[in-house]
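Q: Here's my sequence, what's the structure:
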Amino acid sequence: MLAIPPSIALGRGHSAAGSLARRMPATGRVDRASAALLVERLTKVYADGTRALDELELRIPSGCFFGLLGPNGAGKTTLIGAVSGLVRAPAGRLFVFGHDAVAELEARLLVGVAPQEIHLDRFLTAHELLAYHGRYFGMPKPEADQRAAELLEVFDLTAKANTKPNRLSGGMRRRLLIARALVHRPRLLILDEPTAGVDLELRYELWSYLRRLHADEGLTILLTTHYIEEAEALCERVAFIKQGRIIDEGTPRELVARHGAQRLERAYTEAMRR
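A: Predicted structure coming up:
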């Protein structure tokens, strides 16, 4: 079972970003700072004419475990790419704890992303990979090494510290990918299909870890998944996305009641038919 040692606390990242938010002037930006992620009428059209996002509106409260559900091609990955800077987006449409995700560096420092596709440097060991990521985000080498060791312990990978990713099992690579997203102590963790392709036992272990990380550290988590039961089990709020727009949003219980369903899966199916 994955366990969180006291040394993994995200305290510094929380206090630094929190002090930035408190220093903000009493303008419209204060409201933006109250959300972990705020998306205001974001449109993204690719060069081939594909409209991936269509004036999308979304607000994720700070400290929330939030699920984003939708079919392939609905715009989930494009949205994540825009938040993390991998997809070009206009300024003034995306805000992370009040910081413009396009124009302000602070926004990038507050976000950790574990993408759907597992891309890990095959020439670095597991420890080197995590430490390198820490150095990329400005950590001194001793701190980056310590943080890498902490996360390897948390994800039960200490025995594989000197092993390169291509020698790890698929489940271990998935754990390493999530650990990498946490190295720099982000306040918003984005998980794109985090349990895709892992066995049932590991999936439940990851669920348990994410619950504790969210509850104990106050980390905001945005989860995309095709496993509806995963969102139902983990998420406090859920949004349905279709053709680049949010078509419904609420707690799992609210969504189930709104669509006259018994389970979230049925509510999702009904929403997608409309």
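Q: residue contacts, Leu234?
A: Phe65, Gly67, Trp207, Leu210, Arg211, Leu223 (CB atoms under 8 Å, 6 or more residues apart in numbering). Heads up, the C-betas are built off the backbone N, CA and C, glycines and all.
Q: How are the strands of the stretch 51-200 of the chain distributed by residue range?
A: Here the stretch 51-200 of the chain has its strands, by DSSP state E, counting those that start in this stretch, at 51-61, 65-69, 94-96, 99-100, 111-114, 188-192.
Q: Tell me which of these approaches Ile241 most closely.
A: Checking the strands of the stretch 51-200 of the chain against Ile241 by CB to CB gives strand 65-69 as the closest, at 6.0 Å.
Q: Would you mind pulling the contact partners of the closest one?
A: 60, 76, 79, 210, 214, 220-226, 228, 230-231, 234-241, 268.
Q: Filter these down to the ones in helices?
A: Per DSSP state H, helices hold the following members of the contacts of strand 65-69: Lys76, Leu79, Leu210, His214, Ile228, Glu230, Ala231, Leu234, Tyr268.
Q: I'd like to know how many residues surround Val45.
A: For Val45, the count of nearby residues is 12 (other CB atoms under 10 Å).
Q: so who does the closest residue to it other than its chain neighbours touch?
A: Distances taken as CB to CB, 6 or more residues apart in numbering put Arg51 closest to Val45, at 5.0 Å, once the chain neighbours are dropped. Arg51 sits next to Thr43, Lys44, Val45, Gln243, Gly244 when contact means CB under 8 Å, 6+ apart.
Q: Can you flag the buried ones in those residues?
A: Neighbour-count burial (16 or more other CB atoms under 10 Å) is assigned, among these, to Lys44, Gly244.
Q: Pipe the contacts of Arg51 into JSON lines and attach secondary structure, distance to Gly260 and pLDDT per row.
A: Formatted as JSON lines, those follow (DSSP: H, G, I helix; E, B strand; the rest coil; distance: CB to CB, whole Å; pLDDT from 0 to 100):
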{"residue": "Thr43", "secondary structure": "strand", "distance to Gly260": "32", "pLDDT": "97"}
{"residue": "Lys44", "secondary structure": "strand", "distance to Gly260": "33", "pLDDT": "96"}
{"residue": "Val45", "secondary structure": "strand", "distance to Gly260": "35", "pLDDT": "96"}
{"residue": "Gln243", "secondary structure": "coil", "distance to Gly260": "23", "pLDDT": "96"}
{"residue": "Gly244", "secondary structure": "coil", "distance to Gly260": "26", "pLDDT": "96"}
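Q: Which of the contacts of Arg51 lies at the shortest distance from His133?
A: Of these, the one sitting nearest to His133 (CB to CB) turns out to be Lys44, at 27.0 Å.
Q: if we can go back for a sec, from Leu42, how far off is the residue nearest to Val45?
A: For Arg51, the distance to Leu42 equals 12 Å [CB to CB, to the nearest Å].
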